[in-house]
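> Return atomic coordinates for the entry below.
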Amino acid sequence: MTTLVFVHGWSVTSTATYGALPRQLQQQAAAGGMTLTLADIWLSEYVSFDDAVGMADLVRAFDHALRDLHLLDASIACITHSTGGPVVREWLRAQRDRPGSHSTIRLTHLVMLAPANYGSALAQLGKGVLGKLKSWWNGVEPGQRILDWLALGSDASLSLNLDYIHGADPASAGQYLFVLTGDRPDRAFYDHLNSYTGEDGSDGVVRIAAANLNACHAVLVSNGKAATVDTLSLNVQRGPRCAFRMIADAAHSGDAHGIMASAAPDTVASILRCLAVRSAADYAALCTAFEQDNAARDAAKVELEPAGPFAPRVHIHDPRSLLVLRLSDEAGEPLPDAGFLLTAGTPASPDLMPDGFLLDRQANAKSRAVSLFLNHSLLAGDARVADPRNSRKTLRAAVASHQPYGARVQPADLAGLVHHALAQSAPGDDLLDVLSPHQTTVLDVVLPRHVHEGVFRLTRDLAPHDFHKPVPGPVIGG
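Numbering: from 1, shown residues only. So this is what the prediction gives:
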């Protein structure tokens, strides 16, 4: 068995965070015929709670620490939790892009537990009053730079993930990535001042879709014909297939239900299934097996949360999708004041969108990206949801899909020497095609700049001519 390195998440100050997981893996590995001794296990201690420490600093320090391992076969496997996943992925990218300054140690398996690959809705709140209070109580700073990386829609996280989506399949080079995440919050940790801690479709900290590396990059771009309303065509790039599994009843953290510290049998067994992969064929088979496990979980999606003497609270765990939206023009300038609307039906209308489809909206103050948390079941249509206590009782009636789904964009500047026009997606494109259950879609909407010939004219008239009020003239290329 190769050397196994554990990498914890944000704000951790003790290796107690790993709980019984390292020893449980050792014991279960032996029972399954795998050799894993304590000498093969290393526990990380990295600092994320210092405001001066950024992601690049962690990558550099991680690389330095690896050089001291004196490995026999110059390879390792990693098991990460939460922010630890992006840390190791950023190291892999740095190792690829700057080979002269990084170690040549080969990572064979990266098993990410509840990774914040696309960030966490809590990260932006962590920089506020609650984050400062928590840090004050623990005697540490909130880790400003790492939280900036973890904020939904951050430029740094999108850079890493778009690189992955458009890159080569790691499995083809013998490097295997896995994502295991809990399917619900630990209700005992619910914070009444912060509803994100009890958000369905998350583990209480990271949304399932934001953990999953199966994702796509979609671009709505003009067909190049100047018009009163620009038509935007849809282009899609899907990322490499990644082995992804939801662990039933697991939450982000905590001794009772935390995906790592609790060392639940399903978590341990799933990790060992990942570590047993030895070929691309093995990996593809495990991807399929995990997909079947997830389908079984989605089929039994009703949770009844005890509420003391009252009737239990009903949670319908519909698959969610995360849509990260960026608006810009063809010159790369952001359009923060443009209005964006999703539409449904034919003729397309925002009024036809299904009730309850939008669960949350969060804007990133720095990147200006907007993250929309969507109920995929309500968009795609769903069968009747029966009460598990009485199958004849209906918790939710069948929901019809309102396809096709499209988009409209209304820029703030609809007139002028240089302006943008109203835009809409092409009638033949359906945005549901790029929204998958439990997955993230990065959507770039790129509007053309309408430049009028009045911006630059030539004249043979040598007499003085005032043009402080230029006549716009037609649009160039129109």
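> L58 contacts V87, correct?
Yes: between L58 and V87 there is a contact under CB atoms under 8 Å: 5.2 Å. (C-beta placed from N, C-alpha, C; glycine too.)
> Find the residues that touch each one of the two.
Residues touching both L58 and V87 (CB atoms under 8 Å, 6 or more residues apart in numbering) are Y46.
> Would you mind listing the buried residues in stretch 416-433?
Using 16 or more other CB atoms under 10 Å as the test for burial, stretch 416-433 gives H419, H420, A421, A423, Q424, S425, D429, D430, L431, L432.
> How much space separates the second one from T108?
H420 sits 48 Å away from T108 when distances are taken as CB to CB, to the nearest Å.
> same question, P336
Noted for P336: a distance of 43 Å to T108, by CB to CB.
> Please apply the same query to L160.
Applying CB to CB, the value for L160 to T108 is 20 Å.
> Counting neighbours, go ahead and name the busier of these two.
Counting neighbours by other CB atoms under 10 Å for L160 and for T108 shows that L160 has the greater number, 20 against 16.
> Wait, a helix at the more buried one?
Yes: under DSSP: H, G, I helix; E, B strand; the rest coil, L160 sits within a helix.
> got a list of what it touches?
Per CB under 8 Å, 6+ apart, neighbours of L160: P86, R89, E90, R93.
> Can you give the contact residues for the helix or strand that contains E303?
Using DSSP states H and E, E303 maps to strand 302-307. Strand 302-307 is contacted from outside by 184, 187, 312-317, 385, 387-389, 395, using CB under 8 Å, 6+ apart.
> Among those residues, which lie within strands?
P312, R313, V314, H315, I316, V385, D387, L395 (DSSP state E).
> how about the nearest residue to the last one, chain neighbours excluded?
Spelled out, that is L395. Nearest non-adjacent residue to L395, counting by CB to CB, 6 or more residues apart in numbering: V385, 4.7 Å away.
> shouldn't the one you found be in contact with T394?
Yes: V385 lies in contact with T394 (CB under 8 Å); the separation is 7.1 Å.
> tell me which helix or strand of this structure sits lowest on mean pLDDT?
None of the helices or strands of the chain scores lower by mean pLDDT, DSSP states H and E than helix 129-138, at a mean of 50.
> Tell me the first helix or strand C-terminal of that helix.
helix 144-150.
> For that next one, give the mean pLDDT please.
In this model, helix 144-150 carries a mean pLDDT of 92.
> Show residues contacting that helix.
Applying CB under 8 Å, 6+ apart, the external contacts of helix 144-150 come out as 10, 48, 51-55, 58, 83, 86, 116, 119-120, 123-124, 126-127, 131, 154, 156-157, 366.
> got the contact list for stretch 85-103?
7, 46, 55-56, 58-59, 62-63, 66-67, 78, 80, 107, 110, 112-113, 115-117, 149-150, 157, 160, 163-164, 175, 179.
> Show me the beta-bridge partners of L43.
Legend: beta-bridge partners of L43 under DSSP bridges are F6.
> Who has more neighbours out of V385 and T394?
Neighbour count, other CB under 10 Å: between V385 and T394, V385 has more, with 18 against 12.
> which residue ranges form the strands in the stretch 51-200 of the chain?
For the stretch 51-200 of the chain, the strands defined by DSSP state E, counting those that start in this stretch occupy 75-81, 106-113, 176-182.
> will you turn those strands into a markdown table that also has mean pLDDT and distance to A412?
Listed next are the strands of the stretch 51-200 of the chain as a markdown table, based on pLDDT from 0 to 100; distance: least, CB to CB, whole Å:
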| stretch | mean pLDDT | distance to A412 |
| --- | --- | --- |
| strand 75-81 | 94 | 42 |
| strand 106-113 | 96 | 40 |
| strand 176-182 | 98 | 39 |
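> just those: most buried one?
Most buried of these, by mean neighbour count (mean count of other CB atoms under 10 Å): strand 176-182, with a mean of 26.
> Check which helices and strands that one is in contact with.
Counting contacts by 3 or more CB pairs under 8 Å, 6 or more residues apart in numbering; DSSP states H and E, strand 176-182 packs against strand 106-113, helix 208-211, strand 243-247, helix 265-275.
> Which SSE is immediately downstream of the longest one?
Beyond helix 265-275 in the direction of the C-terminus, DSSP H and E gives the next helix or strand as helix 280-299.
> Report the buried residues of that next one.
For helix 280-299, a neighbour-count test (16+ other CB under 10 Å) marks Y283, L286, C287, F290, D293, N294, R297, D298 as buried.
> Then stretch 205-213?
Neighbour-count burial for stretch 205-213, with 16+ other CB under 10 Å as criterion, is recorded at V205, V206, R207, I208, A209, A210, A211, N212, L213.
> For T288, see how far away the third one is.
The reference is to R207. Taken as CB to CB, the span from R207 to T288 is 24 Å.
> likewise the last one?
The gap separating L213 from T288 is 16 Å, by CB to CB.
> Then the second one?
For V206, the distance to T288 under the criterion CB to CB works out to 24 Å.
> same deal with L322?
23 Å.
> Okay, and V219 sits in which element?
Using DSSP H and E, V219 maps to strand 215-222.
> For the helix or strand that that strand is followed by, buried residues please.
Later in the chain than strand 215-222, the nearest helix or strand by DSSP H and E is strand 229-238. Neighbour-count burial for strand 229-238, counted by 16+ other CB under 10 Å, picks out D230, T231, L232, L234, R238.
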